[in-house]
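J.: need a structure here:
(one chain, ligands or ions: 1)
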Amino acid sequence: MTPDIHPVLELLHVSKTYPGGSVKAVDNISLSVEKGAILALVGESGSGKTTLLRTIAGLEVPDEGSLILSGQVISEGRKAVPVHKRNIGMVFQDYALFPHMTIAENIGFGLKGMTQAEKKRIIEETLALTNLEENPGKYPHQLSGGQQQRVALARALAPKPEILLLDEPFSNLDSILHDRVREDLRKIVKATGITTILVTHHTRDALSMADQVAVIHKGRLLQMDAPRMIYNHPVSGYVANLFGKYSCINCIRTEGGMQTPFGKMPAGNTEISPRMSRLFCRPEHIIVLKKNSPQPAEGSVLTGVVEAATFLGDHVRIEVKPENAQKARLILHADTFYEPGTNLRFIIRPYKFVDFGDPEAE
Ligand SMILES: Nc1ncnc2c1ncn2[C@@H]1O[C@H](COP(=O)(O)OP(=O)(O)OP(=O)(O)O)[C@@H](O)[C@H]1O
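T.: Residues are numbered from 1 along each chain as shown. So this is what the prediction gives:
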């Protein structure tokens, strides 16, 4: 029997324009989130990700579209279930802790309609889950930024919401804390099994923390996929560029593949549509072959000349151009510094034929 995977949250054609606004902050977004998944909403400043998160929370009412939470319509057109009646937990960017309450009191704040003993048990469980057992009697100002964030998280998790929403969870943390908090946060929410949606403009956080990444641009959903798909199979130059450096070179269709300025690349199992006219790859997918190394079993050997090399600590960034053409250029990462003018043999794996190019031109 296949497992019963069903969406906890569905958004259907949701749009929102702020009063007096000339453009839609959220423009016809439809998506669904499966139970227990972590979804990251990623986009540049002003792309509409916070508006979308606030719409899910019930803090903004959409103009059009509907939201369905666990099979119940919570918003349809301008009619919406109010915030406190949605079983949703939210962690705000500034944590919004109650300064006059202890950590334990902050965590217990949302626990209503239960006995004192039950409340105490849940607070203790949540303190343990979020590694805060040592400080239940302290006040927020006595804690570090990372600890304050865990209190905010614990407060949101204690009532066992159907969905947890996190607004820019890493924005107030220094870069050293940042990576640790990201790992802790993923562990904690995965331990609870609570479906989580977070907003971030750090693409690395989205790729490492989420099960699904939704890329938002000018209020629209450009792509929603697993992190590896977003990184390796972006649908446009804009998405490709948002997640890091890439090369995109013009090709001419030939029998069984494409002719690049560096050599011929086979189509493999992929069908090349007439619109595809470029090869896309990330820098780390270009592997330089050692001198005199034999032809690898898989992959065509390409050739080019080093145009520039920049030492970047853990790798060297190399720009390589074709031997007999000036225009095309690839960017790759290598572990060796090659002097400009060096002839290189390399393979590209994986690669993809695409119908997009330079994002500036899109
Ligand atoms: N309260 C508001 N009133 C009017 N316009 C708003 C309001 N909040 C946001 N906007 C506008 O809506 C659009 C989307 O903003 P939103 O805050 O959702 O983007 P964002 O992707 O979360 O950006 P950031 O990362 O900077 O928070 C922007 O054009 C913004 O100027």
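J.: spit out the contact partners of A240.
T.: Applying CB atoms under 8 Å, 6 or more residues apart in numbering to A240 gives the contacts 234, 246, 248, 280, 356, 359. Using the backbone N, CA and C atoms, a C-beta is placed for each residue, glycine as well.
J.: what parts of the stretch 201-350 of the chain come near the ligand?
T.: H201 (CB under 6 Å from any ligand atom).
J.: for the ligand, give me its nearest residue in the stretch 201-350 of the chain.
T.: H201 (5.2 Å; CB to the nearest ligand atom).
J.: wait, that residue sits on G43?
T.: Yes: with contact defined as CB atoms under 8 Å, H201 counts as touching G43 (6.8 Å).
J.: need the residues touching each of those two.
T.: K49.
J.: more crowded one of these two?
T.: Higher neighbour count among H201 and G43: G43, with 25 against 17, using other CB atoms under 10 Å.
J.: what's the domain layout of the chain?
T.: The chain is divided into the following domains under automatic domain parsing: 7-242, 247-361.
J.: dump the ones you listed into JSON lines; add mean pLDDT as well.
T.: Below are the domains of the chain laid out as JSON lines (pLDDT from 0 to 100):
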{"stretch": "domain 7-242", "mean pLDDT": "93"}
{"stretch": "domain 247-361", "mean pLDDT": "86"}
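J.: run through the residues of the stretch 51-200 of the chain sitting next to the ligand.
T.: So the stretch 51-200 of the chain meets the ligand at T51 (CB under 6 Å from any ligand atom).
J.: can you map out the helices along the stretch 51-200 of the chain?
T.: Along the stretch 51-200 of the chain, the stretches classed as helices by DSSP state H, counting those that start in this stretch are 103-108, 116-129, 145-157, 175-192.
J.: please enumerate residues in contact with the longest one?
T.: It refers to helix 175-192. Residues external to helix 175-192 that are found in contact with it (CB under 8 Å, 6+ apart): 36, 38, 129-131, 145-146, 149-150, 153, 157, 160, 164, 166, 169-170, 173, 196, 205, 208-209.
J.: S247 is in contact with L330, correct?
T.: Yes: counting by CB under 8 Å, S247 is a contact partner of L330 at 4.5 Å.
J.: what is in contact with those two at once?
T.: Both L330 and S247 are in contact with 281, 286, where contact means CB under 8 Å, 6+ apart.
J.: who's more crowded, the two?
T.: Applying other CB under 10 Å to L330 and S247 shows that L330 carries more neighbours, namely 26 against 22.
J.: how close does that one sit to L312?
T.: 16 Å (CB to CB, to the nearest Å).
J.: from the centroid of the chain, which residue is nearest?
T.: A206 (2.8 Å; CA atoms, centre = their mean).
J.: surely that one is within a strand?
T.: No: in this structure, A206 is helix, not part of a strand, as judged by DSSP: H, G, I helix; E, B strand; the rest coil.
J.: and it, what does it touch?
T.: 40, 42, 200, 213, 227.
J.: distance between stretch 289-298 and the chain's centre?
T.: 36 Å (CA atoms, centre = their mean, to the nearest Å).
J.: just the CA coordinates of it, formatted as PDB?
T.: Only the C-alpha atoms of stretch 289-298 are listed here, as PDB (Å, rounded to 0.1, in the frame of the first residue of the first chain):
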ATOM      1  CA  LEU A 289      41.100  15.700 -16.600                       C
ATOM      2  CA  LYS A 290      44.700  15.200 -15.500                       C
ATOM      3  CA  LYS A 291      47.400  15.400 -18.200                       C
ATOM      4  CA  ASN A 292      47.600  12.100 -20.200                       C
ATOM      5  CA  SER A 293      44.700  10.600 -18.300                       C
ATOM      6  CA  PRO A 294      42.700   8.100 -20.400                       C
ATOM      7  CA  GLN A 295      39.400   8.800 -22.000                       C
ATOM      8  CA  PRO A 296      36.800   8.400 -19.200                       C
ATOM      9  CA  ALA A 297      34.200   5.600 -19.700                       C
ATOM     10  CA  GLU A 298      31.300   8.200 -19.600                       C
END
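J.: ok, the residue lying closest to N87 once chain neighbours are set aside to T192 distance?
T.: Closest residue to N87 apart from its sequence neighbours, by CB to CB, 6 or more residues apart in numbering: E162 at 4.6 Å. Using CB to CB, E162 is found at 11 Å from T192.
J.: which ones among the contacts of A206 map onto strands?
T.: 40, 42, 200, 213 (DSSP state E).
J.: need those in a markdown table (columns: neighbour count and distance to P274).
T.: Compiled in a markdown table, the ones in strands among the contacts of A206 are given as follows (neighbours: other CB atoms under 10 Å; distance: CB to CB, whole Å):
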| residue | neighbour count | distance to P274 |
| --- | --- | --- |
| A40 | 27 | 34 |
| V42 | 27 | 31 |
| T200 | 23 | 37 |
| V213 | 26 | 29 |
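J.: ok, which pair from the residues you listed is furthest apart?
T.: Spatially, the most separated pair among those is T200 and V213, at 9.6 Å (CB to CB).
J.: hang on, V73 packs against L67?
T.: Yes: the pair V73 / L67 is scored as a contact, 7.3 Å apart, by CB under 8 Å.
J.: ok, these two, which is more surrounded?
T.: Legend: neighbour count by other CB under 10 Å for V73 and L67, higher for L67 (21 against 14).
J.: quick check: the residue nearest to that one when sequence neighbours are not counted vs the ligand, distance?
T.: Distance criterion CB to CB, 6+ apart; nearest residue to L67, sequence neighbours excluded, is S75 at 4.1 Å. Distance of S75 to the ligand, computed by CB to the nearest ligand atom, to the nearest Å: 17 Å.
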